[in-house]
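Student: only geometry, no sequence info:
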Ligand SMILES: Nc1nc2c([nH]c(=O)n2[C@H]2C[C@H](O)[C@@H](COP(=O)(O)OP(=O)(O)OP(=O)(O)O)O2)c(=O)[nH]1
């Protein structure tokens, strides 16, 4: 049962490049789930809207600025971790300003949607990765 646990609100974003790949970020050492892959994003600050949290976190973590209207709601994860319940909307974003520059020493990589589930994902992201794989174009180009 997941009673009596705090609810943690996190907002995350699947950035999608011109080839249809999704940007994944590796949790740095020292954080919980270190070494596992996740979508860029982070916890909401008090009074903050999820979209504003995404814009702030993408700037802080990656040095890019998505415009608010480019954030497209995709789905959400509701996951019971041992010590909190996570509620995490995931947005898609295909347009942003600035050049990608991981600012927190984290490793990032662009992944074709059909390879997302092969990553060692944080537990709450596994279902979302399956949804992305099933709903986004694979991104690969075929010649015949
Ligand atoms: N950013 C992000 N966090 C996720 C995802 N999936 C998932 O379970 N989480 C969890 C991991 C953490 O317990 C929590 C987010 O915490 P965080 O440490 O990344 O957030 P933050 O950047 O605001 O952290 P900090 O300022 O406290 O260091 O949500 C995801 O796809 N992206």
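Tutor: Yep, that arrived. From a predicted model like this one, the values you see are computed outputs, not experimental measurements.
Student: Run through the neighbouring helices and strands of the biggest helix by length in the chain.
Tutor: Taking DSSP state H as the criterion, the chain has its longest helix at helix 50-62. Counting contacts by 3 or more CB pairs under 8 Å, 6 or more residues apart in numbering; DSSP states H and E, helix 50-62 packs against strand 7-15, strand 41-43, strand 65-66, strand 85-93. No exception for glycine: its C-beta is placed from N, CA and C like everyone else's.
Student: Might you report the residue contacts of residue 84?
Tutor: 5, 6, 7, 8 (CB atoms under 8 Å, 6 or more residues apart in numbering).
Student: Let me see the contact set for residue 95.
Tutor: Counting by CB under 8 Å, 6+ apart, the residues that residue 95 touches are 66, 67, 70.
Student: Apply 10 Å and report the result again.
Tutor: Residue 95 sits next to 15, 16, 66, 67, 69, 70, 71 when contact means CB atoms under 10 Å, 6 or more residues apart in numbering.
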